[in-house]
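1. Task: produce atomic coordinates for the following.
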Amino acid sequence: MYTNDRNKFWHNAQLDVRLLHAFHREYAYPRHGHDHYVICLIEQGVQSFAHKGTKYVTPPSGLILINPGIVHTGEPATEHGSQMRSLYPT
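-> Residues are numbered from 1 along each chain as shown. Predicted structure coming up:
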């Protein structure tokens, strides 16, 4: 992992939901998909991602919703990075 980047993953067994709190200044998620929904809130900074061949930019307080099986990317859109919180309901 890049030195300026942080990830914290955890799982709430009672709700069967996975959670992520991340800050990325340098790291870019490669093309990938999930077997579940993704609900992501951009807390700080600006994040960009590719979804179905289109590039999007998400500002602070922006919400990203991705359906299961959809291939996408994710990366900071500026040199200041972005901070996000995501949940992955099963």
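2. just for this structure, where's the confidence low?
-> The chain contains residues with pLDDT under 70 at 1-3.
3. Tell me where the chain has strands.
-> 6-12, 17-24, 29-32, 38-45, 47-51, 54-58, 63-66, 72-76, 82-89 (DSSP state E).
4. The second one versus strand 47-51: what angle between them?
-> Orientation note: strand 17-24 sits at an angle of 120 degrees relative to strand 47-51 (axes from the mean of the first three to the mean of the last three C-alpha atoms, to 10 degrees).
5. dump the residue contacts of I39.
-> I39 is in contact with 63-65, 86-89, counting by C-beta atoms under 8 Å, 6 or more residues apart in numbering. Placement of C-beta: from N, CA and C, glycine included.
6. If we use 6 Å, what do you get?
-> 65, 87 (C-beta atoms under 6 Å, 6 or more residues apart in numbering).
7. What separation do you get for it and I70?
-> As judged by C-beta to C-beta, to the nearest Å, I39 and I70 stand 13 Å apart.
8. Tell me how far E43 lies from H34.
-> For E43, the distance to H34 - C-beta to C-beta - is 20 Å.
9. Please apply the same query to A77.
-> Counting by C-beta to C-beta, the gap from A77 to H34 is 21 Å.
10. So those two - more neighbours on which side?
-> A count of neighbours by other C-beta atoms under 10 Å puts A77 above the other of A77 and H34, at 18 against 15.
11. Distance check, that one against V46.
-> 4 Å.
12. Then V71?
-> From V71 to V46 the distance is 22 Å (C-beta to C-beta).
13. which residue sits farthest out from the middle of this structure?
-> Seen from the C-alpha centroid of the chain, the residue lying at the greatest distance (C-alpha atoms, centre = their mean) is Q14, 22.9 Å away.
14. now that one: how far from S48?
-> Per C-beta to C-beta, Q14 is found 34 Å from S48.
15. For the closest residue to F9 other than its chain neighbours, list each beta-bridge partner.
-> Sequence neighbours aside, L20 is the residue nearest to F9 in space, at 5.4 Å (criterion: C-beta to C-beta, 6 or more residues apart in numbering). Residues in a beta bridge with L20, per DSSP bridges, are F9, S86.
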